[in-house]
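**Q** the following block contains a protein sequence and its predicted model.
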Amino acid sequence: MRLNTIFAVLIASSLPLIAHPAEAKKSINVYTTRHYESDQKLASEFEKKTGIAVNIVQIKEASQLIARIIEEKDKSQADVVITADVGNLWRASEAGIFQPLASAAVKKSVPTEFRDPKDNWTGLAMRVRALAYNKEKIKPEQIARMEDIASPALKGRVLVRSSNHVYNQSLAATLLAANGRDAVVGWAKGVTANLARKPQGGDTDQIKAIAAGEGDVAMVNSYYVARLLDSKNPAEKDLMKNTAVVFPNQKDRGAHANISGGGITRSAKNVAHARQFLEFLVSKEGQEIFVSYSKEYPVRADVAIPAVLKSLGQPKLDLKGLSAVGQNTPEAIKILEEAGWR
Amino acid sequence: MSLLAKFFILVCVAVFLAPLFALVVEGSGAFFSETLTLSPELLSAYGQNSLLLLLGSVFGAVFFGGVTAYLCARFEFCGRKMLQWLAVLPLGVPSYLVAYTWVDFLVDQGVPGGSLRNLTLTCFIFAFSLSPYIFLPVYVALVSLSGSLIESARLLGRSRLAIVREIEIPLVRPSLFAGALLAAMEVLADFGTVDFMAIDTWSTGIYRSWFGYGDRARAALLALVLLSFSGVILFWEARLRGRASLARTGRNTSDLVRTRMSFRRAFPLILVALVPVLLACVLPLLILVQRSLLSFDVEQWIAVVRPTTATLSLALGSGAVVVCFGFLFAFVLQLCAGRFWNDMVRLATLGYALPGGVIGIGLLVFLAPFSLSGSLVGLVFAYCIRFVTLGTSTIEAGWLTVPRVFEEQARILGCSTLAVLRRVSIPLLQKSLACAFILVCIDIIKELPASMLLRPFNFETLAIRTYNLASDERLAETAPASLLMIVLCVAGVFLAQSLGAFGISENKKAGKNHEQ
C-alpha cells in the first residue's frame, strides 16, 4: 500500500491549484501577447494606485490570442487586449473584437498617428527597425535607406531573420505601401540574393553574426540593440564593439516602427476599469515604465527616452505606412516567400 | 458489459473525438476560402523536408537505441546496469532545449551560426532525444525472446551476426516499429525545434498559414493532412502489433544468459550507447548550469517558484485524470471482447498523433462555447486528449504480462466485473499504473503549445516561461526554468525506473513493455 500513499501525497499536492487564491473584488482581465517585465511592473503599479487587480493571460502568437477571443464570443473574460505590431492590431480590429475606446485622456495624450482611426485601439510603445552594420566594413551612407540592402554591392553580406516573423512581414507591408508591388518584389529578390546565410535566428543572433564576421549588415530592432548596449554581461556588450546602428530612410519617409497597442474588448465586463487601465498605460507614469523597463520608445512626446536609446539617435518614423500594414501583410509574405526568403 | 457501461464508454469516445470533429469542420472552410496562401511548390518542399527529417531522425534513433538495447540485453560487462539507466534519460529533456543549448554553446565557441542550423544537425538532435523510444521496447523485446531459439541457432553454427539478422531482428521488429512510429510522430508534430533550427516542415507550414496569413481554415486543413498521415501510420502499426501478439511466448524474462565481455572490449559499443545521453541530456544540463552560474540572479530563481508549483500541481493533477481514462480504455481493450469496442478505443486515442499547437484550434472551438477555455478543466481535458494514448498503452502493456487466469478465477468464484477490477486487476497493475502516471506527468511538464493557448489567468508553467524567455532571445535567463523542468522530468524518469516501470529493472517480476 506504500504506492497508494505516494499517489495520495502526489495528488494532494495538486490541491493548491484547485484552491486557487480567491480573486480580488475589483479586477480587470487582460489578454496580451507581450511578456515583458515592463508589463508586469505596469500591472502591479496600476493595482497599487487604484486597487484594481490585473489578471493576465499571455499568448505569444497574436493569431492564437485573437482566435481564442473569437471562439469565446460574448463569454470571453477578457476586458483588454494588448498585442505587438500594427498588423496584429489591424487583424484584431477586423475580427471585431474591440469596442471604441472613447477616452478623452487617451486622445489627449497619444498623437493621432499612434491611434486607430476607428478608435478601436491606442498605441502604447514602439520599437524601431534599424540596420546594424560592421563599422569597419560598411559606411552608414551605404545603407541610408532600407531599399539599399538590396543593392548588389552587399552581395553575400546581409543578415536577416525568417519571414515567418512579424517584424519582417510588417516591414515588407510598409514598403509595399511606400514603393508599390514591383519595387518590393525587386527588393525582396535583391535582399535574398545578398544573404550571407539562410534567414535564421532572432535579432540578437544577427548581431552575433556580425560580430563573428558572418555578414556585415543586419536588420535589427532597437529593443535588442539597447539591451545589448546596456547589458551587465561583458560578453554581450562586446558584441556591439565593432557594430553600429543606423535608422534607415531618415531623409525620406522615416524608419519602420513596430507599435504595441491595446484596446477594450466588445465582451468586456469592466469597461470603466479597462479604460482606466489603458489610460494609465499612456499616462506619463505608465510610459516611463515602458521606456525604462523594456527600452521602448514612448508614444508621448513629453516622456524622455533613456540614455541608451538616445545614443542611437532620435529616429524619424514612417507613420503613414502603418495604416496599410494589416491589409498588405498577406501579400507581403507572399512576395517574400516567392523571392525565396524563408 | 451492462448497457450503462457501454453508454458511458461511447460518451467518453465521443468527447475525446469532439475536438477532432471541430478541426474537420474548421478545415472544410478552406475549400471555400480564396485568400493568399502557401504555394503548392512550397508546401511540397515543406513536406519533403518533413519526410527527410523523419527518416534521418528515426534511422538515427533506431541506430543508437538499437545498439544500446542489444548491448544491454545480450552482454554482461562492468557498468551495464548503469548504462541501462542512463539510456532512458534523454526522455527528460525536451528536444527544443537540446537545440537551444547546443546552438548557443557552439556559437559562443565561435562556430558560425549559419553552418549549424541545418537538416543533418536537426536529425541528430531528434535521433538522440528520441533514442529511448527505441531503446525501451527493443530492450524489453530482446530480453523476453525465447532463449531456446537462439541457443538452437548457435548449436547449428550460426554466427552472432547471422542470429541478429535472421532471428532477433525479425522477432523484435514489431516492438522496434512501435517505438520508431512513436518517434516519427514526435518528429512530425514538432514545431519548436525545427523553427529554431530554421528547417521548414509541414508543421511550420501549418503555423505559417495560421500566424502569417491569418488563415485558420487552411491551417486546419493542413493539420488534417498531417493527422491522416499519422493515422495511416498508427493503423499500420496496430496491424503489426496484432500479428506480433502471436509471437509472444507469454514469458517475461528470457532464460538466455548474457555473454560476458570485458569493459575494454565493450568500450567502443558503450561509447556509441552513451552518445545520446551525453549529448542530449548531460551536455544541455551542463550548459544550462554554467549559464545560470554566469549570470546568477536570485530574483530569477524566485520568479520560477510559482511556475514550478503550478507545473507540478498541473502535471500531477492532470496526470491522475489522464491515467484514469487510460485505465478505462485499457480495460475495454483487455476485458471487453469485440472488435467494435477495440476500434472505438483506438479512435479515441488518436490524439497522440496531433501536434499540440494544432489540437489547440480544435479544443478552442470545442471548449469555448462551454466557457472552458482558460479554465483548468479545459487544460486537463487538452492533456487527456493529447496523452491518454500514452497512459492506455503503458497500462495495456502491463496488463499483457498478467496471466488472465487470475481474473478468470475471480470471476468463477463469483466476483462482479468491478470487484475483479478492484480486488485483482488493480492490485496487480499497481506498477503499470504508477508508471503510466509518471510518463504522462513528464509529457505534461514538457508540453507547450496547448498549455499556452488554453491557460487560465495568471498561470505560467516552466515550459511557457522557458519558451517566452528564449523567444525574447534571453537564453541565459531561461536557465532556472529549463533546469528545473529537466530536473523534474529526469527525477520522474528515475522514479519510474526504480518502480520497474520500463521493464528494464532487474527484479524478476519486471517486464512491462513501453511500446506504442
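**A** In hand now; what should we look at? Residues are numbered from 1 along each chain as shown, chains lettered A, B, ... in the order given.
**Q** from here on, just use CA atoms for contacts and neighbour counts.
**A** Noted.
**Q** which ones are touching the residue nearest the centre of chain A?
**A** Here the mean C-alpha position of chain A is nearest to the C-alpha of residue A:84 (CA atoms, centre = their mean), at a distance of 4.0 Å. Neighbouring residues of residue A:84 by CA atoms under 8 Å, 6 or more residues apart in numbering or on different chains: A:33, A:34, A:62, A:258, A:259, A:260, A:261.
**Q** then residue A:246?
**A** Per CA under 8 Å, 6+ apart, neighbours of residue A:246: A:130, A:131, A:132, A:133, A:140, A:144, A:312.
**Q** what do you get for residue B:222?
**A** Contacts of residue B:222 by CA under 8 Å, 6+ apart are B:27, B:202, B:205, B:206.
**Q** let me have those residues in a markdown table, extended by pLDDT.
**A** Below are the contacts of residue B:222 laid out as a markdown table (pLDDT from 0 to 100):
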| residue | pLDDT |
| --- | --- |
| B:27 | 83 |
| B:202 | 90 |
| B:205 | 88 |
| B:206 | 87 |
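**Q** kindly reformat those as JSON lines containing distance to chain A and neighbour count.
**A** Formatted as JSON lines, these follow (distance: CA to the nearest CA, whole Å; neighbours: other CA atoms under 10 Å in any protein chain shown):
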{"residue": "B:27", "distance to chain A": "15", "neighbour count": "21"}
{"residue": "B:202", "distance to chain A": "14", "neighbour count": "27"}
{"residue": "B:205", "distance to chain A": "10", "neighbour count": "23"}
{"residue": "B:206", "distance to chain A": "11", "neighbour count": "25"}
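**Q** now for those residues: which two are most distant?
**A** Across the contacts of residue B:222, no pair lies farther apart than B:27 and B:202, at 15.7 Å, counting by CA to CA.
**Q** near chain B, from the contacts of residue A:84?
**A** Counting by CA under 8 Å from any CA of the partner chain, residue A:62 from the contacts of residue A:84 sit close to chain B.
**Q** now, the contacts of residue A:84 that are in strands?
**A** A:258, A:259, A:260, A:261 (DSSP state E).
**Q** so the last one bridges to which residues?
**A** Okay, so that is residue A:261. Counting by DSSP bridges, residue A:261 is bridged to residue A:83, residue A:123.
**Q** could you count how many residues lie near it?
**A** As a burial measure, residue A:261 scores 26 neighbours (other CA atoms under 10 Å in any protein chain shown).
**Q** which residues does it contact?
**A** Counting by CA under 8 Å, 6+ apart, residue A:261 touches A:82, A:83, A:84, A:85, A:86, A:89, A:121, A:122, A:123, A:124, A:125.
**Q** swap in 10 Å and give it another go.
**A** The contact partners of residue A:261, by CA atoms under 10 Å, 6 or more residues apart in numbering or on different chains, come to A:32, A:81-86, A:88-89, A:114-116, A:120-126, A:278, A:281.
**Q** cool, the second one as well?
**A** The contact partners of residue A:259, by CA under 10 Å, 6+ apart, come to A:83-89, A:114-115, A:122-128, A:296-299, A:322.
**Q** leaving out chain neighbours, which residue sits closest to it?
**A** Once flanking residues are discounted, residue A:259 sits nearest to residue A:126: 4.5 Å by CA to CA, 6 or more residues apart in numbering or on different chains.
**Q** my read is that neighbour is in a strand, agree?
**A** Yes - counting by DSSP: H, G, I helix; E, B strand; the rest coil, residue A:126 is part of a strand.
**Q** I figured it hits residue A:309, correct?
**A** No - under the criterion of CA atoms under 10 Å, residue A:126 makes no contact with residue A:309, lying 11.9 Å away.
**Q** helix, strand or coil: sort out residue A:131 for me.
**A** Secondary structure, three-state DSSP: residue A:131 is strand.
**Q** beta-bridge partners for it, please?
**A** Going by DSSP bridges, residue A:131 forms beta bridges with residue A:219, residue A:246.
**Q** mind checking how far it is from residue A:183?
**A** Here residue A:131 is placed at a distance of 20 Å from residue A:183 (CA to CA, to the nearest Å).
**Q** between these two, which is the more surrounded one?
**A** Neighbour count, other CA under 10 Å: between residue A:131 and residue A:183, residue A:131 has more, with 24 against 14.
**Q** check contacts around the more buried one.
**A** By CA under 10 Å, 6+ apart, the neighbours of residue A:131 are A:140, A:143-146, A:149, A:159, A:217-222, A:244-248, A:255.
**Q** ditto for residue B:90
**A** The contact partners of residue B:90, taken as CA under 10 Å, 6+ apart, are B:98, B:128-133, B:276-282, B:486, B:489-490, B:493.
**Q** which ones among those map onto helices?
**A** Per DSSP state H, helices hold the following members of those: B:98, B:128-133, B:276-277, B:486, B:489-490, B:493.
**Q** what is the neighbour count of residue 111?
**A** All of this refers to chain A. Residues lying near residue A:111 (other CA under 10 Å) number 14.
**Q** my bad, chain B
**A** With neighbours defined by other CA under 10 Å, the count for residue B:111 comes to 15.
**Q** cool, and residue B:411?
**A** Residue B:411 - counted by other CA under 10 Å - has 14 other residues nearby.
**Q** my guess is it meets residue B:417, correct?
**A** Yes - judged on CA under 10 Å, residue B:411 makes contact with residue B:417 at a distance of 7.6 Å.
**Q** pLDDT at residue B:11, what is it?
**A** In this prediction, residue B:11 carries a pLDDT score of 88.
**Q** sorry, slip of the keys, the one I care about is residue B:508.
**A** 40.
**Q** now do residue B:252
**A** Model confidence at residue B:252 (pLDDT) stands at 49.
**Q** in chain A, where is pLDDT below threshold?
**A** Within chain A, the set of residues satisfying pLDDT under 70 comprises A:1-25.
**Q** nearest residue to residue B:360 in space, please, no chain neighbours.
**A** In space, residue B:360 is closest to residue B:450, 5.5 Å off (CA to CA, 6+ apart).
**Q** what about that neighbour, neighbour count?
**A** By the measure other CA under 10 Å, the count of residues near residue B:450 is 22.
**Q** so it makes contact with residue B:383?
**A** Yes - under the criterion of CA under 10 Å, residue B:450 makes contact with residue B:383 at 8.2 Å.
**Q** SS state for the one residue in chain B that gets nearest to chain A?
**A** Chain B approaches chain A most closely through residue B:313 (3.9 Å), counting by CA to the nearest CA. For residue B:313, the assignment made with three-state DSSP gives helix.
**Q** residue B:91 too?
**A** Taking three-state DSSP, the label given to residue B:91 is helix.
**Q** count the residues that sit near it.
**A** When neighbours are counted by other CA under 10 Å, residue B:91 comes out with 25.
**Q** what do you get for residue B:83?
**A** Look at residue B:83: counted by other CA under 10 Å, it has 18 neighbours.
**Q** can you pull the pLDDT of it?
**A** 92.
**Q** mind checking how far it is from residue B:400?
**A** 27 Å.
**Q** show me where chain B dips below the pLDDT cut-off.
**A** B:1, B:33-34, B:240-255, B:337, B:353-355, B:500-516.
**Q** quick one, strands of it?
**A** B:75-76, B:259-260.
**Q** a markdown table for those, including distance to residue B:180?
**A** As requested, the strands of chain B are exported to a markdown table (distance: least, CA to CA, whole Å):
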| stretch | distance to residue B:180 |
| --- | --- |
| strand B:75-76 | 24 |
| strand B:259-260 | 27 |
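**Q** save those strands as JSON lines, and put in mean neighbour count and distance to residue B:51 too.
**A** Converted to JSON lines, those look like this (neighbours: other CA atoms under 10 Å in any protein chain shown; distance: least, CA to CA, whole Å):
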{"stretch": "strand B:75-76", "mean neighbour count": "17", "distance to residue B:51": "35"}
{"stretch": "strand B:259-260", "mean neighbour count": "12", "distance to residue B:51": "39"}
